[in-house]
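Undergrad: Fold the following for me, if possible:
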Amino acid sequence: MATLKSNRVKSADIELKDKLVSVNRVTKVTKGGRTFSFSAIVVVGDENGVVGHGLGKAKEVTEAITKGIDDAKKNLIRVPIHKGTVPHTQKGKYSGASILLKPASEGTGVIAGGAMRAVLESVGVHNVLAKSQGSSNPHNVVKATMDALAQMRDVNDVANQRGISIEKVFNG
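TA: Prediction:
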């Protein structure tokens, strides 16, 4: 049985753009009153097949975002993109969030909402049909989208795993 190669990427040689998905204010009640802190979920990508997500927590919003970006750079994966869309239909799941990604023809655009849109734009997908089912929690939706993207396989990967030529993958 063939082993799947890892799709992890090093961030040192890639120009990454970051997108803020959500900021959450968290309150801790102490005997001295309420203490506020912030948690930020951030997605980074090069818009050419590399994407990662991260969570940052701090007393200030800007510091939480910076920590989120640093965390996202540690969780980068490479995703196959075929003609500006995903190569095949794929489902992803994380906790209560389930998502469905479908390839779309040229000119369709990114048909996705909120947290999913940020991930798909960061990875560089320009045409895709996406559906979020279940939980709409941004943390879970981002992780479910990353799960679906991590499962994507390129034609070359399928041919190598099966031990056949690329033409045979398409022609049966």
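
Undergrad: can you list the weak-confidence ranges in this protein?
TA: Scanning the chain for pLDDT under 70 picks out 1-6, 11-13, 172.

Undergrad: Which parts of it are helices?
TA: If you assign secondary structure with DSSP state H, the helices in the chain sit at 61-73, 114-123, 138-151, 155-162, 166-171.

Undergrad: Which of the ones you listed sits closest to Asp46?
TA: Between Asp46 and the helices of the chain, the shortest gap by CB to CB is with helix 114-123, which sits at 8.2 Å. Where you see a C-beta, it was placed from the backbone N, CA and C, and this is true even at glycine.

Undergrad: Just the CA trace of that closest one, in CSV.
TA: These are the backbone C-alpha positions of helix 114-123, laid out as CSV (Å, rounded to 0.1, in the frame of the first residue of the first chain):
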residue,chain,number,x,y,z
GLY,A,114,-18.1,34.0,6.1
ALA,A,115,-15.3,31.9,7.5
MET,A,116,-15.2,29.5,4.5
ARG,A,117,-14.8,32.4,2.0
ALA,A,118,-11.7,33.7,3.8
VAL,A,119,-10.0,30.3,3.7
LEU,A,120,-10.9,29.7,0.0
GLU,A,121,-9.7,33.2,-1.1
SER,A,122,-6.5,32.8,0.9
VAL,A,123,-5.7,29.5,-0.9
